[in-house]
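Peer 1: sequence below, structure please.
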Amino acid sequence: MAEAVYILCSLTSLACTILLLRSYLRRRVRLLLWSGLCFLGLTISNVLLFMDLAVLPQIDLSLWRSLATLISLIVLIYGLVWDAS
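Peer 2: This next block holds a predicted model:
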């Protein structure tokens, strides 16, 4: 059952990524770009979570998951603080 939740979280993050980046392409609002890129990184993090706990439990991917999440949040913070107009 947990694997289904991991997959659904990954798909939800991917859907958010697609919607945000598609909206950015239409409106060219840069905050949508930064949010979409953040969700892209969060999607990668969720996929790594699934890989870590369900597919490859013998390999510890927690460092890579944390790194993907950190980079995603740095991108969003950059967009919110320095690039939002």
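Peer 1: any idea which residue of this structure is furthest from its center?
Peer 2: Residue farthest from the centre of the chain, counting by Cα atoms, centre = their mean, is Q58 at 23.9 Å.
Peer 1: which pLDDT value belongs to it?
Peer 2: As predicted, Q58 sits at a pLDDT of 92.
Peer 1: now it, what's its secondary structure?
Peer 2: coil (DSSP: H, G, I helix; E, B strand; the rest coil).
Peer 1: please renumber so the chain begins at 74
Peer 2: I'll keep to 74 as the first residue from here, and by that count the last item is Q131.
Peer 1: helix, strand, or coil at I150?
Peer 2: I150 is classified as helix under three-state DSSP.
Peer 1: what about this protein, any weak spots by pLDDT?
Peer 2: Applying pLDDT under 70 to the chain picks out residues 157-158.
Peer 1: mind running it again at 80?
Peer 2: Where the chain drops to pLDDT under 80, the residues are 156-158.
Peer 1: quick one, helices of it?
Peer 2: 75-100, 103-123, 135-151 (DSSP state H).
Peer 1: could you pull up the residues touching the most centrally placed residue in the chain?
Peer 2: With distances taken as Cα atoms, centre = their mean, L115 lies nearest the centre of the chain, 1.7 Å away. With contact taken as Cβ atoms under 8 Å, 6 or more residues apart in numbering, L115 is in contact with S86, A141, T142, S145. Just so you know, the C-beta spots here come from the backbone N, C-alpha and C atoms, and that holds for glycine as well.
Peer 1: look up how far Q131 lies from it.
Peer 2: Noted for L115: a distance of 25 Å to Q131, by Cβ to Cβ, to the nearest Å.
Peer 1: same check on M124?
Peer 2: M124 sits 12 Å away from Q131, going by Cβ to Cβ.
Peer 1: could you do C111 as well?
Peer 2: Using Cβ to Cβ, we find C111 at a distance of 30 Å from Q131.
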